[in-house]
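A.B. asks: what shape does this take:
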Amino acid sequence: MQGLSKCLLQLSKAVVMALLLSPLVNADPTPPPESAVDYSVDSESKFTSAGTSAGQIEAVINNSIINKTVQDFGYSIYQQGRDFGTGGDESVSSSPTMDFVSKHKNAYCSGSIASEVAGFGCPPKVPAVIGLPALPGMDDGKYLELGDINFSVVLDPNKYSYMTDLTAQNLIRNIVSPFPDPKYKNYVNKPGFLDNGTQKEEYAKFMAGQALLGVALHSLNEMYAMRLPAGIPVPESMKSKMSFELPPSMMDIMQTESSRRFEKPEFVNYLDGLVAGTEVTPEAKMLKEIAMMEAFRLWMDYQRFKQSERMESLLAASLSKYINSSYASDAMMAKMNR
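C.D. replies: Numbering: from 1, shown residues only. Predicted coordinates:
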């Protein structure tokens, strides 16, 4: 009996190690073939490295969110950086609404929609050839098409390239504060603002609304930062690089760790190998079943996380719409009372 208990304990440890210590897909630009996936306990160093990387990225993400939120507020309050984003040209645009059209025409117009091809001159889209694999990093085009209104560009990639990074940032701006009012920039930049009680009261109420918008911004920027390679915005020097040449993002690590067991038949083969050459007892079968159930649970947890991101983005968009509608309503009431 004692021998059986000892055997079960060793087998349990092996199964746990199989669950935790299989290799992480790292920043190597050439991923290993399916047959080369190794689930041996020798991958402990890779697992430890992945955990260390995740901790470092998480710390960087916090700074990225803070910096981006400040930039977003600069645009929302003072129209600072109106030309931000792919295809923007502030020098020839008279307002944020004109900027929106300019960016859409230059970078985000759809070759799949005849009216946009005719009106904006974007080239017709060539239908994809079914069955041909997409090259890594070469699918940016699908996110640029209507990328100023299609939220897929924010959530679908696990890791942004330079182009999808800019497009995601631009789309978040379009959701939270697409057309900022220049009034408050004019207030602050004119002498005498601090002595003008009426303007200060308007500014204070406006800034209180911005505080609510900040809640939506934080949620959307968190989703954005989770997809930044190494937690930092993609530098322009990587504009033409393949996405797999970039370091992993937090979402890369989460997706890999949650999927590399359930989605890989090699994992089941590895579990079978743990008891190869020995009698397969009912207890061993049960432990194998538990390991497979845990692999599926991890995968489902990741699916639920992505679902929660979608739900959070809906709430953020609803809050942004409410605040911006309140601003518009207040402005209309002010005009009527004059």
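A.B. asks: which residue ranges of this protein form helices?
C.D. replies: 2-20, 44-78, 96-103, 114-120, 140-144, 152-155, 162-176, 183-189, 197-225, 250-259, 265-274, 282-336 (DSSP state H).
A.B. asks: out of those helices, flag the one nearest residue 239.
C.D. replies: helix 162-176 (4.3 Å; CB to CB). Where C-beta positions appear, they are placed from N, C-alpha and C, glycine not excepted.
A.B. asks: which positions in the closest one come out as buried?
C.D. replies: Residues 162-176 are the ones in helix 162-176 that count as buried (16 or more other CB atoms under 10 Å).
A.B. asks: swap in stretch 145-158?
C.D. replies: Using 16+ other CB under 10 Å as the test for burial, stretch 145-158 gives 145, 146, 147, 148, 150, 151, 153, 154, 155, 157, 158.
A.B. asks: now do the second one against residue 287, distance only.
C.D. replies: It stands for residue 146. 50 Å (CB to CB, to the nearest Å).
A.B. asks: cool, residue 164 as well?
C.D. replies: 42 Å.
A.B. asks: ditto for residue 55
C.D. replies: Counting by CB to CB - residue 55 and residue 287 are separated by 30 Å.
A.B. asks: neighbour count for these two, which is higher?
C.D. replies: Neighbour comparison, residue 55 and residue 287: the larger count goes to residue 287, with 20 against 9 (by other CB atoms under 10 Å).
A.B. asks: next one: the more buried one from residue 280, what distance?
C.D. replies: Residue 287 is 11 Å from residue 280, by CB to CB.
A.B. asks: put the alpha carbons of stretch 168-175 into PDB.
C.D. replies: Provided in PDB are the C-alpha atoms of stretch 168-175 (Å, rounded to 0.1, in the frame of the first residue of the first chain):
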ATOM      1  CA  ALA A 168      -5.900  51.000 -32.300                       C
ATOM      2  CA  GLN A 169      -4.900  54.200 -30.600                       C
ATOM      3  CA  ASN A 170      -6.800  56.300 -33.100                       C
ATOM      4  CA  LEU A 171      -9.900  54.100 -32.800                       C
ATOM      5  CA  ILE A 172      -9.900  54.500 -29.000                       C
ATOM      6  CA  ARG A 173      -9.800  58.300 -29.500                       C
ATOM      7  CA  ASN A 174     -12.700  58.100 -31.900                       C
ATOM      8  CA  ILE A 175     -14.800  56.200 -29.300                       C
END
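A.B. asks: follow-up on the earlier one: any chance of a markdown table for the helices of the chain, columns distance to residue 238 and mean pLDDT?
C.D. replies: Shown next, in a markdown table, are the helices of the chain (distance: least, CB to CB, whole Å; pLDDT from 0 to 100):
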| stretch | distance to residue 238 | mean pLDDT |
| --- | --- | --- |
| helix 2-20 | 32 | 37 |
| helix 44-78 | 16 | 82 |
| helix 96-103 | 21 | 85 |
| helix 114-120 | 28 | 92 |
| helix 140-144 | 12 | 78 |
| helix 152-155 | 17 | 94 |
| helix 162-176 | 5 | 91 |
| helix 183-189 | 33 | 91 |
| helix 197-225 | 17 | 94 |
| helix 250-259 | 15 | 86 |
| helix 265-274 | 32 | 77 |
| helix 282-336 | 25 | 85 |
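A.B. asks: now those as TSV including distance to residue 233?
C.D. replies: What follows is those, written out as TSV (distance: least, CB to CB, whole Å):
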stretch	distance to residue 233
helix 2-20	32
helix 44-78	7
helix 96-103	18
helix 114-120	28
helix 140-144	16
helix 152-155	14
helix 162-176	6
helix 183-189	25
helix 197-225	9
helix 250-259	14
helix 265-274	35
helix 282-336	20
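A.B. asks: deepest in the core, which of those is it.
C.D. replies: helix 162-176 (a mean of 24; mean count of other CB atoms under 10 Å).
A.B. asks: remind me what that one packs against, helices and strands.
C.D. replies: helix 44-78, helix 140-144, helix 152-155, helix 197-225, helix 282-336 (3 or more CB pairs under 8 Å, 6 or more residues apart in numbering; DSSP states H and E).
A.B. asks: could you dump those into TSV and include distance to residue 236?
C.D. replies: TSV is the format used below for those (distance: least, CB to CB, whole Å):
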stretch	distance to residue 236
helix 44-78	16
helix 140-144	15
helix 152-155	18
helix 197-225	18
helix 282-336	27
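A.B. asks: and of the ones you listed, who's closest to residue 268?
C.D. replies: Nearest to residue 268 among the helices and strands packed on helix 162-176 is helix 282-336 (6.8 Å), distances taken as CB to CB.
A.B. asks: could you check the angle helix 265-274 makes with that closest one?
C.D. replies: Between helix 282-336 and helix 265-274, the angle comes out at 150 degrees (axes from the mean of the first three to the mean of the last three CA atoms, to 10 degrees).
A.B. asks: just want the angle from helix 282-336 to helix 44-78.
C.D. replies: 10 degrees.
A.B. asks: angle of helix 282-336 against helix 197-225?
C.D. replies: Going by the same axes, to 10 degrees, helix 282-336 makes 160 degrees with helix 197-225.
A.B. asks: from the chain's centre, how far out does helix 282-336 sit?
C.D. replies: From the chain centre to the centre of helix 282-336 is a distance of 12 Å (CA atoms, centre = their mean, to the nearest Å).
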